[in-house]
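# return atomic coordinates for the entry below.
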Amino acid sequence: MLRRAPAALRPWLAGRGSLTAALRGACASAVDCTLLAQGWRAASAHESVRLRLAPGAPVFWRRVRFTRAGRPLLVGNTVVPPRTLARWPALRRLGDRPVGELVFAVPGTCRQQVELAVAPAAQAPARVSRRSVIALPGCVLLVEEHFLPAALSLGAPPCH
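Take a look at the predicted model:
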């Protein structure tokens with residue numbers, strides 16, 4: 001699937017660490033994160049499978065948008081099971097802070113079960129998406145990153 005993604009995004013999609021840290025490194029920290037929505041909802045069928053929850057189980061969900069100089073780069077969604085939220089209550093109080101800033105600061109955190117989706121150009125604005133399970137010590141959460149057209153101008157992510 002990576003080969004079907006635009007060449008400019010392939011290094012970003014292949015990264016296993018914090019996308020937030022990579023964005024800030026590539027943009028000299030000039031990336032803003034804005035909380036668009038958050039709250040409780042029922043897990044979708046796919047989320048239930050990935051997070052090993054009962055179908056329709058309650059999950060905490062948040063959506064953020066990353067921008068650079070006012071141009072939207074990507075939209076991120078995070079789905080957090082109650083057991084993860086119980087261990088990491090700060091996930092409910094992040095506000096405009098990206099979830100990656102918190103979770104990738106924890107030793108042993110890793111990105112797993114990475115899935116990529118590349119939509120036809122007619123289905124803009126989000127043509128390329130990545131979904132991953134983020135494993136923290138003793139718990140997991142699900143992250144989706146939808147790359148918007150302006151992300152094509154980012155250049156290669158820094159090595160870290």
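
# lowest confidence element among the helices and strands of this protein?
Here the helix or strand of the chain ranked lowest by mean pLDDT, DSSP states H and E is helix 10-14, holding a mean of 78.

# in that helix, which residues are buried?
10, 11, 12, 13 (16 or more other C-beta atoms under 10 Å). Quick note: C-beta positions are derived from backbone N, CA and C, even for glycine.

# give me the buried positions along stretch 97-111.
Quick answer for stretch 97-111 (16+ other C-beta under 10 Å): 98, 99, 100, 102, 103, 104, 109, 111.

# I'd assumed residue 92 was in contact with the second one.
Yep, that's residue 99 we're talking about. No: judged on C-beta atoms under 8 Å, residue 99 makes no contact with residue 92 at a distance of 10.9 Å.

# now, which of the buried residues of helix 10-14 sits nearest residue 59?
residue 13 (24.5 Å; C-beta to C-beta).

# tell me the contacts of that closest one?
2, 5, 116, 128, 130, 147 (C-beta atoms under 8 Å, 6 or more residues apart in numbering).

# of all pairs in those residues, which one spans the longest distance?
Applying C-beta to C-beta across the contacts of residue 13, the maximum distance is between 2 and 147, 12.8 Å.

# now do residue 124, the pLDDT please.
Residue 124 carries a pLDDT value of 59.

# cross the buried residues of stretch 97-111 against helices and list the overlap.
99, 100, 102, 103 (DSSP state H).

# which two among those are spaced furthest apart?
100 and 102 (7.4 Å).

# let me have the ones in helices among the buried residues of stretch 97-111 in JSON lines, extended by distance to residue 49 and pLDDT.
Listed next are those as JSON lines, based on distance: C-beta to C-beta, whole Å; pLDDT from 0 to 100:
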{"residue": "99", "distance to residue 49": "21", "pLDDT": "94"}
{"residue": "100", "distance to residue 49": "23", "pLDDT": "91"}
{"residue": "102", "distance to residue 49": "25", "pLDDT": "91"}
{"residue": "103", "distance to residue 49": "21", "pLDDT": "92"}
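
# in the host helix or strand of residue 21, what counts as buried?
Residue 21 is part of helix 19-26, with elements assigned from DSSP states H and E. Across helix 19-26, burial judged by 16+ other C-beta under 10 Å covers 19, 20, 21, 22, 23, 24, 26.

# for that helix, name the packing helices and strands.
helix 99-103 (3 or more C-beta pairs under 8 Å, 6 or more residues apart in numbering; DSSP states H and E).

# show me how far the helix it packs on is from its chain's centre.
Centroid displacement of helix 99-103 relative to its chain, using C-alpha atoms, centre = their mean, to the nearest Å, is 10 Å.
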